[in-house]
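Got a sequence here, can you build the structure:
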Amino acid sequence: MEVTCLSVPSPRSYLLCYGVADVENRGFSTDYRGTLYIHSTGRYAFAGMPDMSDFPTPIIHEFDRLIAAVADLEEECRYVSIPEQGVRVTLKNEDAQSEPAVAEYNLLSDVYNAYRKNPHQPFFHVKSIIGTVDLVDIVTDSKSPWAEKGYNHWILENPVLFREPFTGISISRTGLWKHELPL
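Below is the predicted model:
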């Protein structure tokens, strides 16, 4: 089956497929509207989360800050140890949270659960088609926190992360491209 693909660097590719990011910034526009297969490029991330400091991910930033505080607290302790397995993270008031917040929490949970199972197995795959999004519009004035000034803002909906990525696809292009996926 021939599909339309867009290459996006990891971990941003995962932020799109989880529905955390709703805008992809591009220096070009297209008349294409419809399903895009997201091709993840860049480097594998092995140990937990890659550096997310450049992204507007408040839950991940808060989590990192709290884990650092726990590590500092444990270092101060003379008798009490706080094992990593003892730290349990839940999303407060999940029913009242926005869809992107729930999506970001799910991404964080999936990454750390995968890491606990096997810290040497990459979670953020590259050279892989990892999921789909629907390109519904392209504007230059999106109010999304993911929209960067001076770019075309590709408005994305209906994110899907594949349970198993299509691996071994080393094509990396800046525009839309076609790929034949096995059925």
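
give the contact list for P50.
10-11, 43, 124 (C-beta atoms under 8 Å, 6 or more residues apart in numbering). Every C-beta, even on glycine, is put in place using the N, C-alpha and C of the backbone.

Tell me which two in those residues are the farthest apart.
Largest separation among these by C-beta to C-beta: P11 and R43, giving 9.7 Å.

who's more crowded, the two?
P11 (25 against 12; other C-beta atoms under 10 Å).

Is it correct that the more buried one is in contact with F124?
Yes: if you go by C-beta atoms under 8 Å, P11 and F124 touch, sitting 5.2 Å apart.

now the contacts of P50 as a markdown table including secondary structure?
Conversion of the contacts of P50 to a markdown table gives the following (DSSP: H, G, I helix; E, B strand; the rest coil):
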| residue | secondary structure |
| --- | --- |
| S10 | coil |
| P11 | coil |
| R43 | coil |
| F124 | strand |
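
Quick one: the strands in the chain, in order.
2-9, 23-26, 34-41, 128-139, 152-167, 176-180 (DSSP state E).

Distance check, N106 against T174.
Here the criterion is C-beta to C-beta, to the nearest Å. By it, N106 lies 29 Å from T174.

Those two: who's more crowded?
N106 (16 against 10).

which ones are touching that one?
Contacts of N106 by C-beta under 8 Å, 6+ apart are Y18.

so how many other residues sit close to the closest residue to K127 other than its chain neighbours?
The spatial neighbour of K127 that comes closest, neighbours along the chain excluded (C-beta to C-beta, 6 or more residues apart in numbering), is S170 at 4.8 Å. Counted with other C-beta under 10 Å, residues neighbouring S170 total 10.

hey, which helix or strand in this structure has the poorest pLDDT?
helix 58-76 (a mean of 84; mean pLDDT, DSSP states H and E).

buried stuff in that one?
Neighbour counts using 16 or more other C-beta atoms under 10 Å place 59-60, 63-64 of helix 58-76 among the buried residues.

again, but for stretch 141-154
Applying 16+ other C-beta under 10 Å to stretch 141-154 flags 142, 144, 146-147, 152-154 as buried.

ok, back up a step: can the strands of the chain go into JSON lines with extra columns for mean pLDDT and distance to D72?
What follows is the strands of the chain, written out as JSON lines (pLDDT from 0 to 100; distance: least, C-beta to C-beta, whole Å):
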{"stretch": "strand 2-9", "mean pLDDT": "95", "distance to D72": "32"}
{"stretch": "strand 23-26", "mean pLDDT": "96", "distance to D72": "35"}
{"stretch": "strand 34-41", "mean pLDDT": "96", "distance to D72": "34"}
{"stretch": "strand 128-139", "mean pLDDT": "97", "distance to D72": "35"}
{"stretch": "strand 152-167", "mean pLDDT": "96", "distance to D72": "34"}
{"stretch": "strand 176-180", "mean pLDDT": "94", "distance to D72": "47"}
